[in-house]
Each structure stands twice: as C-alpha cells, then as structure tokens.
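**Q** quick one, what's the 3D model for this:
(2 chains)
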Amino acid sequence: AQKITQTQPGMFVQEKEAVTLDCTYDTSDPSYGLFWYKQPSSGEMIFLIYQGSYDQQNATEGRYSLNFQKARKSANLVISASQLGDSAMYFCAMRGSDDMRFGAGTRLTVKP
Amino acid sequence: NAGVTQTPKFRILKIGQSMTLQCTQDMNHNYMYWYRQDPGMGLKLIYYSVGAGITDKGEVPNGYNVSRSTTEDFPLRLELAAPSQTSVYFCASTYWEQGETQYFGPGTRLLVL
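**A** Residues are numbered from 1 along each chain as shown, chains lettered A, B, ... in the order given. Model prediction:
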C-alpha cells in the first residue's frame, strides 16, 4: 500500500528566508508521481510542483523546488525567499498506479 | 473556461438523508477524483475515474457511490448520510498525457446532523 508521511505539523520561517518542508513516501509501484499543494486559509487547493519518479532532475517552479531523493524515498519542498503570503497548509501527495494519497500536511507560518 | 466547478458550496443534511454532490470540468480531462478532507487532516481519496464509464474505489469509498456517464461530469452520491460524513469534499481532474497538474474545485462543505 502507498503511504505518505509529513512529520512536521508546523513550521515557522522568517520572511525572505528559505524553508524546507519534509515528505517521505513508501510505494511498491515502479512508476509514480509526487506532488506538493498549498492550501491557504480560504480552503482552495493550489498545485505547486510535480516530480515524476523517472525524472532525472529535481523539479523547480519559480521559488519552489522539490528535493527528490529516490533512494531515501523523500520529496522535500524547498521554498526560497519566503513571503508572508506563503503562510498556509502544505500537502505532499503521491500518485501510484492510478489513485492518489496525501500526507497530513504541514502548517507553515511566515514571520515578518 | 470555468475549470472544475462543484455544487453546492455548503449543505446541511439530516442523518439518513441522501444527496448528490455535483462536479463538472470543462477541460476535457480524462481523470477525475473525489476527496474528502476532515478538519485538520489531509485529503483522502473516495473514488476516481480514468474516463467515461470507468470508476474505481479509493481509500475511503464506504457510504458513497459515483458514476461517470460523460467526460465532463463526475457526481458523488451519499445514500444514507451519517455524522461521520461531515467533511469538506473536493473534486479534481487532470489529463495525464498533458502534464501532471491536478485541478481542484472549490469544495463542498457538508454537515450531517
């Protein structure tokens, strides 16, 4: 069975600094995809970044990068130059054969 | 291009009542998903569909049913509402051959009393 683990219930970061949100996963599927989503207090789910299991390079999208370490089964999200608007819940997710599993989330608070 | 739309936004049900949560996407996506999010938790997959006429169970399918008669629509049916089904329900869609971005609807907040 697939499993996604986010071990940090809450994180604080100073504005303009970088922060890493941890995500580990477990799957027996040879091909899988890893996602990060942001959920602000308004409740919508916002796609941030995607990494395929066969992708050779780490994914980047603007200030977001995904630190993919396949052997360690980790897919950490790095946010550079944090902004106050980055304060939100962040969810890691994995797609296996067809279904999707989400982690419990990390609440990020950016301090001015 | 409206993306993924969900109706209603909010609903209160009595125990034992039935209802259908509507989900429509106008992006010609083949994959569609239903999730529930309990307070302070991540999303759990209820059902998903890889195309019209094809549906499959996710992690928490009990108490729900789905159908996919068209590419655009993926309704979720609650037959006998229970307090444990109080949650926020999200519908999502994606077209895998064109990238992995999964588009979410705004959610339906359901309260079962």
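**Q** now do the contacts for residue 56.
**A** I went with chain A, as the question did not name one. Residue A:56 makes no contacts at all, as judged by CB atoms under 8 Å, 6 or more residues apart in numbering or on different chains. C-betas here are computed from N, CA, C, even on glycine.
**Q** that was the other one, I meant chain B.
**A** Residue B:56 touches A:98-99, B:47-50, counting by CB under 8 Å, 6+ apart.
**Q** got a ChimeraX select line for the buried ones in those residues?
**A** Buried subset of those, written as a ChimeraX selection, criterion 16 or more other CB atoms under 10 Å in any protein chain shown:
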select /A:99 /B:47,48,49
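**Q** just checking, which of the contacts of residue B:56 belong to strands?
**A** Mapping the contacts of residue B:56 onto strands (DSSP state E) picks out B:47-50.
**Q** now the contacts of residue B:56 in CSV, with distance to residue A:23?
**A** Converted to CSV, the contacts of residue B:56 look like this (distance: CB to CB, whole Å):
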residue, distance to residue A:23
A:98, 20
A:99, 17
B:47, 25
B:48, 21
B:49, 26
B:50, 25
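**Q** burial of the nearest residue to residue A:14 once chain neighbours are set aside, as a residue count?
**A** Computed as CB to CB, 6 or more residues apart in numbering or on different chains, the closest residue to residue A:14 that is not its neighbour in sequence is residue A:111, at 5.5 Å. Using other CB atoms under 10 Å in any protein chain shown, residue A:111 is surrounded by 11 other residues.
**Q** OK, contacts around residue A:111?
**A** Counted by CB under 8 Å, 6+ apart, residue A:111 has contacts A:12-15.
**Q** what does chain A have sitting close to chain B?
**A** A:4, A:6, A:33, A:35, A:43-47, A:50, A:52, A:91, A:93, A:95, A:98-105 (CB under 8 Å from any CB of the partner chain).
**Q** ok so, going back, can you select the buried ones among the contacts of residue A:111 for me in ChimeraX?
**A** Only the buried entries of the contacts of residue A:111 go into this ChimeraX selection, using 16+ other CB under 10 Å:
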select /A:13
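**Q** this completes my enquiry, with thanks.
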